[in-house]
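>>> Structure for this input, please:
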Amino acid sequence: MSAHDQADAGAAASAQDDQISIDEFQRVDIRVGCIVSAEPLAGARKPAYKLRIDFGQELGVKQSSAQITVHYSAQELVGTLVLAVVNFPPRRIAGFRSEVLTLGVPDAHGDVVLVAPRGDAPLGARLF
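You can find the predicted model right below:
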């Protein structure tokens, strides 16, 4: 077996070790929300916004801290649809109670780009 084949085999074994079941994935409750307000989060170590996100009638409005200041102004975020994990326990960030995890991915420089539905999705719709 060549070194390349051994590396491929090692990567495949590692990928299998990281696999989760569909039941485990379904425990993560990811919902569509609409940002209703955004403002700078004073006291945060890294620049961040305090977001208020409406998840519809079932879940209501939740708060989130998000380090998304590089690509987004507070004003342009209002009305934006986002995806967020809504079943993590709340966390205190710079004295602010963050209730949901707003999802994003890093760009080429490591700055956050929001993950959002492409079309019109109802508030509170669950990712599956």
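>>> do you know how far the residue nearest to the spatial centre of the chain is from Phe88?
Centroid-nearest residue in the chain: Leu103, 1.2 Å away (criterion: C-alpha atoms, centre = their mean). Note on Leu103: its distance to Phe88, by C-beta to C-beta, to the nearest Å, is 11 Å. Heads up, the C-betas are built off the backbone N, CA and C, glycines and all.
>>> which of the residues in the lengthiest strand in the chain are buried?
Taking DSSP state E as the criterion, the chain has its longest strand at strand 30-40. Residues of strand 30-40 classed as buried: 30-35, 38 (neighbour count, 16 or more other C-beta atoms under 10 Å).
>>> same thing with stretch 63-75?
63-69, 72, 74.
>>> what about it, start to end distance?
17 Å (C-alpha to C-alpha, to the nearest Å).
>>> Kindly report the same for stretch 74-92.
21 Å.
>>> List the contacts of that stretch.
For stretch 74-92, contacts defined as C-beta atoms under 8 Å, 6 or more residues apart in numbering pick out 27-40, 49, 51, 53, 55, 59, 62, 64-65, 68, 72, 97-103, 114-117, 121, 127.
>>> make it 6 Å
Stretch 74-92 has contacts (C-beta atoms under 6 Å, 6 or more residues apart in numbering) with 28-35, 38-39, 49, 97-103, 114-117.
>>> Surely Ile68 is within a strand?
No: secondary structure of Ile68 (DSSP: H, G, I helix; E, B strand; the rest coil): coil, not part of a strand.
>>> Could you measure from Val28 over to Pro40?
29 Å.
>>> Now Arg126: closest residue in space, sequence neighbours ignored.
Excluding the flanking residues, the one nearest Arg126 by C-beta to C-beta, 6 or more residues apart in numbering is Arg31, at 5.6 Å.
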